[in-house]
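In: Quick one: sequence plus predicted model below, questions after.
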Amino acid sequence: MVVSAYGMCGRRESMQDAHFAVADKKGAVAGVFDGCGGARASRACADLLGGDEDRRRALRDAGAGEAAIAAWLEACEARVLAASEAGGWIDASTALVARVNGNDVAVGWLGDSRAVLAVDDGKGGLAALDLSVDHKASNPREAKRVRAAGGFVGRTEQEARASGARALLGRMAPALAFRANKRSAFRVYPGGIALTRCVGARPLKFKNLVTATPETFARPCDGAEAFLILACDGVWDVLDGAAAVKCCAAVAPEKAAETLVYHAHNKGSTDNLTAVVLSWP
């Protein structure tokens, strides 16, 4: 496989994303991690697998799949929580890991870093298939889980905790009821974080309002695969899957990630930007 990886600080003051990517004749293992509140959690995740050849080799084996990826993400959580408690920091990070071999494509994730697979659409072009679903408070399924655990979801804490007639007014006129901008992100309260699942964020893990339980997905390889995009939300804030696939398909595989990152930056992304693109030969 051809590996392309690129990260950019963008319009932020500091770079909090991290990534790794390794490929050989048997396949590839890669991951992207978007830090929140600092870069310590994201870098710890990237270092854990990026620096462990035995673990990477095991993930590339034909028998390794979703369970192996989930176990690795759980190991990331354990390492980050231990380090954050020892160091007195509370950074968080998304975590998106992919393993590609001759049998299938498997991904596991926490947070809103996203995996998109480009496949032959049968019409001479490429289709974009989302392999992950964002773990954000704006996701109705995730919001339901948070509320069931005793938490609240809203664009402000006032909105999140509202009920009855006030909640109804807020849905119709959030700016009037809660001084909430319709464009603002929904967040989990207590805490005020937009992510519903992540690595780290130690103070927010009480009552499982914000969890580190990963989701996984695997898709058998059928020969239609062209490339797999892994990217942090700095890319997805301004591009959808189809636009990202079109951008990567227009350049040589070796330049795909860099081209995608610059394209998102030029489209006005205000976040750090990181992408890894794994291309089939």
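Out: Yep, it's here.
In: what about Gly102, how many residues close to it?
Out: 10 (other Cβ atoms under 10 Å). For the C-beta atoms, the positions are set from N, CA and C on the backbone; glycine is no exception.
In: What about it? Give its phi and psi, please.
Out: phi -70, psi -10 (degrees, to the nearest 10).
In: So which residues of the stretch 1-150 of the chain form strands?
Out: 2-8, 17-24, 27-36, 92-93, 95-101, 104-110, 114-120, 126-130 (DSSP state E, counting those that start in this stretch).
In: So which residues of the stretch 151-281 of the chain form strands?
Out: Ranges of strands in the stretch 151-281 of the chain, per DSSP E, counting those that start in this stretch, are 152-154, 187-189, 199-200, 215-220, 225-231, 273-279.
In: Turn those strands into CSV, columns for mean neighbour count and mean pLDDT.
Out: Putting those into CSV (neighbours: other Cβ atoms under 10 Å; pLDDT from 0 to 100) gives the following:
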stretch, mean neighbour count, mean pLDDT
strand 152-154, 22, 91
strand 187-189, 23, 93
strand 199-200, 32, 97
strand 215-220, 15, 96
strand 225-231, 24, 98
strand 273-279, 28, 98
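In: Out of the ones you listed, the one nearest Leu131 is which?
Out: strand 215-220 (5.4 Å; Cβ to Cβ).
In: The closest one vs strand 95-101, what angle?
Out: 20 degrees (axes from the mean of the first three to the mean of the last three Cα atoms, to 10 degrees).
In: thinking again about what came up before, okay if I get the strands of the stretch 1-150 of the chain as CSV plus mean pLDDT?
Out: Below are those laid out as CSV (pLDDT from 0 to 100):
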stretch, mean pLDDT
strand 2-8, 97
strand 17-24, 92
strand 27-36, 94
strand 92-93, 98
strand 95-101, 94
strand 104-110, 96
strand 114-120, 99
strand 126-130, 98
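In: Need the winner for burial among those strands.
Out: strand 92-93 (a mean of 32; mean count of other Cβ atoms under 10 Å).
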